[in-house]
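Participant: the following block contains a protein sequence and its predicted model.
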Amino acid sequence: MVDTSQSHPTACLALADGTVFYGRGFGATGDTVAELCFNTAMTGYQEIMTDPSYAGQIVTFTFPHIGNTGVNADDDETADPVAEGMVVKWDPTEPSSWRSTQTLGDWLARRGRIAIGGVDTRRLTRAIRQQGAPHVALSHDPTGNFDIGALVEKARGFAGLEGVDLAKGVTCAQSYRWDEMRWAWPDGYPRQSQPKYKVVAVDYGAKRNILRCLASAGCDVTVLPATATAQDILAHKPDGVFLSNGPGDPAATGKYAVPMIRGVLDADLPVFGICLGHQMLALALGGRTVKMNHGHHGANHPVKDMETGKVEITSMNHGFAVDSQSLPNGVVETHVSLFDGSNCGIRMKDKPVFSVQHHPEASPGPQDSFYLFERFAASMGAT
Ligand SMILES: NC(=O)CC[C@H](N)C(=O)O
């Protein structure tokens with residue numbers, strides 16, 4: 001099926017099943033292949049594009065007005081965008097925000113990321129829901145000469161994310177200290193000068209706002225690369241260990257992360273994990289992860305805390321999930337998605353070890369779940 005509604009298209013998106021969407025390109029020129037997902041957040045496109053967990057993925061934004069607040073130096077979640085590209089309904093308008101320093105198109109172009117505007121994102125989102133996250137090729141060529149057959153072939157040739165470890169490509173090369181706290185008016189990001197707990201954060205593609213939330217909860221944070229061993233971590237004599245978010249398949253990344261996590265568990269330290277960190281903690285405890293149909297990507301996902309009965313509105317970004325049926329004795333399911341009942345949190349019965357699938361650091365999204373950082377800090381205070 002071909003959407004011919006666009007006259008003079010300068011970009012096109014080809015799905016592996018042969019469906020083609022035409023539109024107007026912005027950002028970098030060229031082409032790229034990836035898995036396609038959709039994100040329903042109304043704000044935070046800059047944070048979404050720079051979330052390292054989107055490596056290997058192109059993001060369709062269901063909210064139609066994207067780009068109209070420009071971009072700024074403060075809102076990056078990592079140094080460069082790591083989502084492969086973006087698909088939007090309307091071409092971005094001239095930015096209107098006192099915080100904006102650049103247009104979205106220029107920012108994407110400088111970072112080699114391709115975007116397409118003018119796409120029927122409702123139809124595309126329906127296709128993603130029906131087929132499961134499709135493999136796609138996205139091309140931006142101002143001449144408008146597209147070899148559709150070749151693009152569909154490229155999309156078909158994309159190997160997908162299952163079995164793929166992408167964390168090694170987005171982790172830090174060397175360890176570093178982190179003391180920046182959450183953004184606050186009027187000074188921006190204050191520094192943590194009186195930390196109470198020493199935390200090692202293992203970086204599988206950590207979002208900056210997670211590190212800020214740890215600092216705001218009273219942690220002195222040392223970030224270590226994804227391949228750090230339990231010995232490397234314990235050498236820092238931490239009060240607790242944090243397992244970050246990250247891209248790719250937890251089963252693949254877990255090949256080296258799981259032995260490390262088991263070593264840390266043997267040392268009886270408090271452990272807290274988010275998203276990929278949650279999934280790999282579940283694997284280390286004997287659970288299983290599965291690929292979802294189209295995942296959860298948004299900033300309004302209701303999650304129920306099974307222990308208090310309270311519902312949190314959360315930020316989400318995941319395409320794999322922990323199979324709650326696979327959790328062994330001694331591990332409790334603490335949080336559940338109210339959209340589809342999938343697992344959103346676990347804890348060990350007898351140790352201060354817990355993790356969540358959603359994003360308590362938000363960025364973008366609601367901050368209902370920030371208490372989890374405080375819970376981690378309290379568990380370090382109690383040991
Ligand atoms: N945000 C994340 O950490 C994502 C985890 C994992 N890559 C997934 O897609 O499920």
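Facilitator: It's in.
Participant: in the chain, where's the longest strand?
Facilitator: Selection of the longest strand in the chain by residue count, based on DSSP state E, yields strand 289-305.
Participant: what is the following helix or strand past it packed up against?
Facilitator: Moving toward the C-terminus from strand 289-305, the next helix or strand (DSSP states H and E) is strand 311-322. If contacts are counted by 3 or more Cβ pairs under 8 Å, 6 or more residues apart in numbering; DSSP states H and E, strand 311-322 sits against strand 30-39, helix 276-284, strand 289-305, strand 343-348. No exception for glycine: its C-beta is placed from N, CA and C like everyone else's.
Participant: show me which residues of strand 311-322 are buried.
Facilitator: The neighbour-count check on strand 311-322 (16 or more other Cβ atoms under 10 Å) flags 312-322 as buried.
Participant: any idea which of these is closest to Phe26?
Facilitator: Lowest distance from Phe26 to the buried residues of strand 311-322 (Cβ to Cβ) belongs to Asn317, with 23.1 Å.
Participant: and the longest helix seen in the chain, what does it pack onto?
Facilitator: With residue count as the measure and DSSP state H as the assignment, the chain has helix 250-266 as its longest helix. Packing contacts for helix 250-266, counted by 3+ Cβ pairs under 8 Å, 6+ apart, involve helix 230-234, strand 240-243, strand 271-274, helix 276-284.
Participant: domain ranges for this structure, per the record?
Facilitator: Domain assignment for the chain, taken from automatic domain parsing, gives 2-157, 167-381.
Participant: need those domains in a markdown table (columns: mean pLDDT).
Facilitator: Rendered in a markdown table, the data for those read as follows (pLDDT from 0 to 100):
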| stretch | mean pLDDT |
| --- | --- |
| domain 2-157 | 96 |
| domain 167-381 | 97 |
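Participant: for Asp51, which residues are in contact?
Facilitator: Asp51 makes contacts with 77-78, 82-83, 207, 245, 317, as judged by Cβ atoms under 8 Å, 6 or more residues apart in numbering.
Participant: between those, which sits nearest the ligand?
Facilitator: Taking Cβ to the nearest ligand atom as the measure, the ligand sits nearest to Asn245 out of the contacts of Asp51, at 3.2 Å.
Participant: quick one on the thing from earlier: who's in contact with the longest helix of the chain?
Facilitator: Taking Cβ under 8 Å, 6+ apart as the rule, helix 250-266 contacts 163-167, 202, 204, 226-231, 233-234, 241, 243, 246, 271, 276, 279-281, 283-285, 289, 320, 351, 353.
Participant: ok, which of those residues also contact the ligand?
Facilitator: When Cβ under 6 Å from any ligand atom is applied, the members of the contacts of helix 250-266 adjacent to the ligand are 246, 276, 320.
Participant: which two among the buried residues of strand 311-322 are spaced furthest apart?
Facilitator: Greatest spacing in those, by Cβ to Cβ: Ile313 and Phe320 (22.0 Å).
Participant: contact residues of the chain facing the ligand?
Facilitator: 53, 245-248, 275-276, 317-320.
Participant: the same query, at a cut-off of 5 Å, please.
Facilitator: The chain has residues 53, 245, 247, 275-276, 317-320 near the ligand, with proximity defined as Cβ under 5 Å from any ligand atom.
Participant: which one of those is nearest to Gly365?
Facilitator: Comparing the residues of the chain next to the ligand against Gly365 with Cβ to Cβ places Asn317 closest, at 9.4 Å.
Participant: do I have it right that that closest one meets His296?
Facilitator: Yes. Judged on Cβ atoms under 8 Å, Asn317 makes contact with His296 at a distance of 7.2 Å.
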